[in-house]
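Participant: Model the structure of this input:
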Amino acid sequence: MTDLFEDNQEQPRRSDQPDADAPLADRLRPASLDEIIGQDHLTGPEGAIGRMVNAGKLSSMILWGPPGTGKTSIARLLADSVGMRYEAVSAVFSGVADLRKAFAAAEKAREAGQRTLLFVDEIHRFNRAQQDGFLPFVERGTVTLVGATTENPSFELNAALLSRAQVLILHRLDARALGQLLDRAEELEGPLPVTAAARDALIASADGDGRFLLNQAETLYAANIAEPLDPAALGEFLQRRMAVYDKDREGHYNLISALHKSVRGSDPQAALYYLARMLVAGEEPLFLARRLVRMAVEDIGMADPNALPQCLAAKDAYQFLGSPEGELALVQACLYLATAPKSNAVYKAQKAAWKSAKETGSLMPPQNILNAPTKLMKDIGYGTGYSYDHEAEHGFSGDNYWPDEMQPQTYYEPVERGFERKVNERIAYWNRLREERGA
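Facilitator: Below you'll find the predicted structure:
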């Protein structure tokens with residue numbers, strides 16, 4: 001992971017410091033926790049890590065944060081700060097044999113009075129059984145586990161493991177933190193061959209990833225550029241970092257949730273932003289079309305009955321045109337939904353009716369509305385007394401349609417917005433006729 005620091009004072013060369021020709025990110029790794037950039041809420045005196053270090057005792061923890069925010073550096077420096085032996089494994093490259101070897105070495109060190117901090121990078125990549133394998137060694141104190149993950153621990157890690165470790169959240173590096181990182185690079189390598197505006201663009205292009213930023217800076221240094229690059233020239237020279245987005249992981253669910261809630265909240269600008277975020281990151285457009293259809297029936301419903309046909313038409317248009325032309329149809333549907341009147345009355349009615357249906361079981365409808373295709377059924381009363389509404393005054397009979405053992409229920413309650421205002425008027429009119437007929 002990226003090694004980040006902010007202290008501008010010269011540091012004495014340590015025996016484990018990298019060679020002069022090592023990558024820039026490696027040469028800029030911090031020598032102490034107070035040199036970590038952008039994570040003061042954890043490493044500062046009042047932060048969880050700062051308090052543990054001051055007490056001289058670490059608990060097992062999971063470091064959860066985006067790539068390039070200092071997770072590996074923190075783990076390494078934690079061990080140094082409290083005088084623990086440091087052992088590191090990666091879930092990408094390590095298997096059961098590697099873990100057994102690490103635990104055996106930790107047991108041996110413990111017998112010699114040496115505590116071990118076991119750092120497990122990408123810990124979410126271990127399966128559930130492998131994660132369970134950590135538990136006895138953590139419980140016995142053989143190791144203090146520090147796991148690093150870019151994925152939501154709630155989804156990716158065992159509950160048993162989470163109950164024995166504190167989850168600490170690392171922040172995406174903001175522009176100020178990334179600027180400090182470039183300051184350190186320039187102290188070491190000299191001024192970057194970019195204008196002030198291009199420097200800002202370089203920071204923005206990193207998308208919060210310190211490692212990526214340093215790699216971009218190293219590329220600029222290696223190119224021996226004669227004249228400083230402006231933002232346009234920088235954009236041609238360097239590739240922008242692709243947004244972090246795993247279509248089957250938390251980033252996917254976070255963005256679709258943000259899109260849905262922006263539509264529900266009638267903010268077309270935010271809704272379009274999150275739609276763009278997902279499409280630019282490579283989300284399957286038909287997945288978004290399906291979600292827009294769901295929004296149409298859940299959050300708009302009868303307040304604007306055209307919302308659903310709009311979304312289905314957008315799906316058809318996308319399938320007909322393909323990408324990127326068809327994505328414009330998804331944009332239109334998204335904006336239609338965000339600017340439509342909102343009602344969840346249909347959604348609430350469905351939930352209430354489903355609940356009622358489960359609770360009432362197999363109640364028979366009243367006989368007057370039962371079909372009577374046979375003589376026997378007619379003889380026992382099926383269909384007797386049925387009123388044909390088209391022949392009734394006002395085209396409305398007001399008959400009872402509920403099972404005899406069940407009181408009439410109200411599931412659907414239209415709101416006073418959009419088309420549902422008219423629906424509300426109709427229902428009120430029919431209710432008034434029922435009362436008059438009953439009287």
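Participant: if you average pLDDT over the helix or strand hosting Lys358, what comes out?
Facilitator: Remark: Lys358 resides in helix 345-360, with elements defined by DSSP states H and E. For helix 345-360, mean pLDDT is 93.
Participant: Other residues contacting the next helix or strand after that helix?
Facilitator: Proceeding N to C from helix 345-360, the next assigned helix or strand is helix 375-379, under DSSP H and E. For helix 375-379, the surrounding residues in contact (Cβ atoms under 8 Å, 6 or more residues apart in numbering) are Leu370, Asn371, Ala372, Gly383, Thr384. Where you see a C-beta, it was placed from the backbone N, CA and C, and this is true even at glycine.
Participant: so where do the helices sit in the stretch 201-350 of the chain?
Facilitator: Per DSSP state H, counting those that start in this stretch, the stretch 201-350 of the chain carries helices over the ranges 210-222, 231-237, 250-264, 268-280, 285-295, 307-321, 327-339, 345-360.
Participant: now those as TSV including distance to His41?
Facilitator: Formatted as TSV, the helices of the stretch 201-350 of the chain follow (distance: least, Cβ to Cβ, whole Å):
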stretch	distance to His41
helix 210-222	16
helix 231-237	32
helix 250-264	20
helix 268-280	26
helix 285-295	34
helix 307-321	42
helix 327-339	34
helix 345-360	39
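Participant: which ones are touching the spatially most central residue of the chain?
Facilitator: Nearest to the mean C-alpha position of the chain, by Cα atoms, centre = their mean, lies Asn254 at 2.5 Å. Listed by Cβ under 8 Å, 6+ apart, the contact set of Asn254 is empty.
Participant: and the angle for the lengthiest helix in the chain with helix 345-360?
Facilitator: When the chain is parsed with DSSP state H, its longest helix is helix 420-438. Relative orientation of helix 420-438 and helix 345-360, computed by axes from the mean of the first three to the mean of the last three Cα atoms, to 10 degrees: 40 degrees.
Participant: Give me the neighbour count for the residue nearest to Leu335 when sequence neighbours are not counted.
Facilitator: Excluding the flanking residues, the one nearest Leu335 by Cβ to Cβ, 6 or more residues apart in numbering is Pro268, at 5.1 Å. Number of residues near Pro268 (other Cβ atoms under 10 Å) recorded here: 16.
Participant: ok, Pro268 - contacts?
Facilitator: By Cβ under 8 Å, 6+ apart, the contact list for Pro268 reads Cys334, Leu335, Ala338, Thr339.
Participant: For Cys334, see how far away it is.
Facilitator: Relative to Cys334, Pro268 is positioned 8 Å away (criterion: Cβ to Cβ, to the nearest Å).
Participant: Likewise for Ala372?
Facilitator: On the measure of Cβ to Cβ, Ala372 and Cys334 end up 50 Å apart.
Participant: what's the answer for Cys311, then?
Facilitator: Cys311 is 9 Å from Cys334, by Cβ to Cβ.
Participant: Between those two, which contacts overlap?
Facilitator: Common neighbours of Cys311 and Cys334 (Cβ under 8 Å, 6+ apart) are Leu292.
Participant: per-domain residue ranges of the protein.
Facilitator: Domain assignment of the chain by automatic domain parsing yields the ranges 39-169, 250-339, 363-438.
Participant: Out of the ones you listed, which is closest to Glu236?
Facilitator: Each of the domains of the chain has some distance to Glu236 by Cβ to Cβ; the shortest is domain 250-339, at 19.5 Å.
Participant: for the closest one, what is the average pLDDT?
Facilitator: Per-residue pLDDT values over domain 250-339 give a mean of 93.
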